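*Asks:* My questions concern the predicted model and sequence given below.
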Amino acid sequence: SSDLIQFKDFVNTSLLQEVEGSLNAQVTYDIGNISVDGKTIGSSQMLWKFANFDIASTKNLLQLYQEKIQPQAQAAAATGESYTPHLSAADQALVQAEVGKLLAAKPHIELEKLSLKTANGESHFSLSMDLGNPTSFDQPGAALLKQLLTQADAKLVLSKPMIRDLASLQAQSAGLTDPAAIAQQAQGAADTVGGMAIMLQAGKVEGDNIVSNLHYANDVVDFNGEKMTAQQFAAAMMGKVVMFNRGY
């Protein structure tokens with residue numbers, strides 16, 4: 001049987017601003033109450049920011065999507081087929097030209113905050129990216145990434161009290177009723193997550209938080225103070241995934 005997840009007190013706000021032919025936007029989603037099978041988990045917020053989006057190219061790309069791609073996707077969904085975009089040579093050239101104009105404006109995309117707040121703690125994630133226009137899309141991946149993604153920053157803060165809250169709810173849902181046993185299981189879950197982060201070199205424990213930081217620029221990734229190329233970072237992440245799937 002699957003758990004029933006409910007969202008209450010949902011609020012969406014948007015703010016759009018035109019600045020010299022570019023569009024800046026801020027979009028916020030607030031969920032005041034998240035519950036599973038009637039048990040309240042907490043609240044959540046997601047805040048997006050967009051800047052330097054060329055209005056003309058954004059409008060043209062959106063129009064092409066609505067007129068050409070969306071109908072194809074809907075038709076495929078109606079027949080249960082997998083969807084593959086089919087665009088004429090002229091449309092492909094149009095997309096490439098408009099994407100070039102969009103990237104030439106150096107758009108900024110930022111997930112300023114994605115949070116989950118429980119009774120005793122709050123965890124949050126942020127990500128920002130600055131994009132540029134490559135001299136060509138037909139070049140090796142590392143060179144393309146260096147020109148396309150000029151800078152990126154990401155931060156993850158996992159609250160150990162929040163992990164304990166979630167583990168307590170899970171233990172109660174599993175039928176555990178002894179308060180001491182629930183507290184012990186909850187603390188064990190928080191310690192396990194912190195230990196895994198340290199062992200996999202994916203984060204550091206700072207007080208009641210497990211923190212991970214990433215900065216990228218000019219093909220150099222700084223991950224929690226360790227610097228490497230983007231290719232080395234990708235290989236390191238794959239290694240961590242393999243290690244985790246094998247039970248460390």
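*Replies:* Thanks, I have it. These numbers come from a predicted model, not from an experiment. Numbers count the residues shown, from 1 in each chain.
*Asks:* What are the contacting residues of stretch 162-171?
*Replies:* Contacts of stretch 162-171 from elsewhere in the structure, counted by C-beta atoms under 8 Å, 6 or more residues apart in numbering, are 36, 39, 41-42, 116-123, 181-183, 185-190, 193. All C-beta spots, glycine's among them, are computed from the backbone N, C-alpha and C.
*Asks:* quick one: which of these sit in helices?
*Replies:* Secondary-structure check on these using DSSP state H: residues within helices are 181-183, 185-190, 193.
*Asks:* Buried ones in stretch 193-201, by neighbour count?
*Replies:* Within stretch 193-201, the residues that qualify as buried are 193-194, 197, 200, counting by 16 or more other C-beta atoms under 10 Å.
*Asks:* and what of stretch 20-35?
*Replies:* Applying a neighbour-count criterion of 16+ other C-beta under 10 Å, the buried positions in stretch 20-35 are 22-23, 26, 28, 31, 34-35.
*Asks:* ok, now stretch 166-179?
*Replies:* Within stretch 166-179, the residues that qualify as buried are 166-171, counting by 16+ other C-beta under 10 Å.
*Asks:* so Y29 sits right up against N12, yeah?
*Replies:* Yes. Contact status for Y29 versus N12: in contact at 5.4 Å, counting by C-beta atoms under 8 Å.
*Asks:* so which of the buried residues of stretch 20-35 comes closest to K160?
*Replies:* Out of the buried residues of stretch 20-35, the one with the shortest distance to K160 is I34. That distance is 19.5 Å, counting by C-beta to C-beta.
*Asks:* Which elements pack onto whichever strand or helix holds the closest one?
*Replies:* In this structure, I34 is located in strand 22-36 according to DSSP states H and E. With contacts defined as 3 or more C-beta pairs under 8 Å, 6 or more residues apart in numbering; DSSP states H and E, the secondary structure elements packing on strand 22-36 are strand 5-19, strand 39-54, helix 55-64.
*Asks:* re earlier: would you turn the buried residues of stretch 20-35 into TSV with distance to V99?
*Replies:* Listed next are the buried residues of stretch 20-35 as TSV, based on distance: C-beta to C-beta, whole Å:
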residue	distance to V99
S22	16
L23	16
Q26	23
T28	27
I31	33
I34	37
S35	42
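*Asks:* how about the helix or strand of the chain with the lowest mean pLDDT: buried residues?
*Replies:* Every helix and strand of the chain was ranked by mean pLDDT, DSSP states H and E. The lowest is helix 230-245, at a mean of 84. For helix 230-245, a neighbour-count test (16+ other C-beta under 10 Å) marks 230, 233, 236, 240 as buried.
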